[in-house]
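> starting from these lines, generate the structure:
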Amino acid sequence: MTTREVEHEITVSAPAEAVYRLIAEVRNWPRIFPPTIYVDQVEEDGNTERIRIWATANGEAKNWTSRRVLDPRKLRIEFRQEVSTPPVAAMGGTWIIEPVSATESRVRLLHDYRAVDDDPKGLEWIDEAVDRNSRSELAALKTNVELAHAAEDLTFSFEDTVPIAGSAKDVYDFINDAHLWSERLPHVATVRLEEDTPGLQSLEMDTRAKDGSTHTTKSYRVTFPHQKIAYKQVTLPALMTLHTGYWTFADTADGVAASSQHTVTINTENIAKILGADATVEDAKTFVRDALSTNSRATLGHAKDYAEARA
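Numbering: from 1, shown residues only. Alright, predicted model coming up:
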């Protein structure tokens, strides 16, 4: 069997410990790595953990489970895919973060991998995917770690919750069946939903704004029946550089608490263009929060009507 070993590296203007922490805490990944849609920590035992990752590779959405060994003292993280997705037969590697100075660090990303049946075309596909994703991961890591240090106040999260006198399954079904949203939701004009892999969706839709204009958004969604749907938006409105979130459906004594959570990073370059020369970051946050909350609450309101009618 042919095992390929490759290494990529980049220098980041941030302390090594801060870089290590961002990579070690998986909830940060959709924020710092463009290909990552969602990461779920499956189990944890001391410095060893199992995580499930949903990400795009060469434009296709994939998911896999990895085991990681964290070494905060040496600033190293070893990873190994448990079950790889063809054409990958096996994949692993190591993150190594090395201090260059008090404010700068070198990040090395090592990979080793094999193709199913040693297929040359499969190996070529993996070579391309690993090279593209590693370059984009490291470039994004550099950009986003440096941004996080320079402007921690640009990323914020918020949540809207609606109590529903119905079942979690019915509310989940309403959110999951996004292909029906153009019939069910007034603010959605058209929808294109694909689910080639069960539980992993590509959702593209045209949404109507208050002023009558429509804009197209594309998201990848990961579904956990009937508890949660996590997503990452990959075509972003001008005021955002990041938008991730999740819908959750929690049983209560009276039915279900349905919530919509958003995490957003403001794109400061477009504030003046969209909101006027005097607009501030706080104005942009308020504008974005109002727009997202309005759509989320509208969707949850229709989900409530649907679930309560079936209760």
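
> so residue 4 versus residue 109, what's the distance?
Distance, residue 4 to residue 109, by C-beta to C-beta, to the nearest Å: 14 Å. Using the backbone N, CA and C atoms, a C-beta is placed for each residue, glycine as well.

> for residue 127, same thing?
Look at residue 127 and residue 109: by C-beta to C-beta, they are 15 Å apart.

> these two: which is more packed in?
Ranked by neighbour count (other C-beta atoms under 10 Å), residue 127 and residue 109 place residue 109 first, with 21 against 14.

> show me where the stretch 151-300 of the chain has its strands.
155-164, 188-197, 200-208, 214-224, 228-233, 240-252, 255-266 (DSSP state E, counting those that start in this stretch).

> out of those strands, nearest to residue 63?
strand 200-208 (6.1 Å; C-beta to C-beta).

> domain map for the protein?
Here the chain is described, according to automatic domain parsing, as comprising the domains 4-150, 153-310.

> mean pLDDT added to these, as CSV?
Putting the domains of the chain into CSV (pLDDT from 0 to 100) gives the following:
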stretch, mean pLDDT
domain 4-150, 92
domain 153-310, 94
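
> next up, the contacts around the residue nearest to residue 4 when sequence neighbours are not counted.
Excluding its sequence neighbours, the residue lying closest to residue 4 (C-beta to C-beta, 6 or more residues apart in numbering) is residue 113, at 5.6 Å. Contacts for residue 113 (C-beta atoms under 8 Å, 6 or more residues apart in numbering) come out as 3-4, 88-92, 126, 130.

> residue 111: neighbour count?
Neighbour tally, residue 111, other C-beta under 10 Å: 19.

> for it, give me phi and psi.
phi -130, psi 140 (degrees, to the nearest 10).

> which stretches in the stretch 1-150 of the chain count as strands?
Taking DSSP E, counting those that start in this stretch, the strands of the stretch 1-150 of the chain run over residues 4-12, 36-45, 48-57, 60-71, 76-83, 88-101, 104-115.

> residues in contact with the third one?
Residues outside strand 48-57 that contact it (C-beta under 8 Å, 6+ apart): 26, 29, 33, 35-44, 61-70, 82, 129, 133, 200, 220, 222.

> now the longest one
Under the criterion C-beta under 8 Å, 6+ apart, residues 1, 3, 11, 15-16, 19-20, 23, 64, 75-81, 84, 105-117, 122, 126 lie in contact with strand 88-101.

> wait, doesn't residue 41 sit right on residue 26?
Yes - between residue 41 and residue 26 there is a contact at 6.0 Å, judged by C-beta atoms under 8 Å.

> are any of the contacts of strand 88-101 buried, and which?
15-16, 19-20, 23, 64, 75-81, 84, 105, 107-111, 113-115, 122, 126 (16 or more other C-beta atoms under 10 Å).

> tell me the bridge partners for the closest residue to residue 82 other than its chain neighbours.
Of all residues not flanking residue 82 in the chain, residue 65 sits nearest, at 4.6 Å (C-beta to C-beta, 6+ apart). Here residue 65 shows beta-bridge partners residue 52, residue 83, assigned using DSSP bridges.
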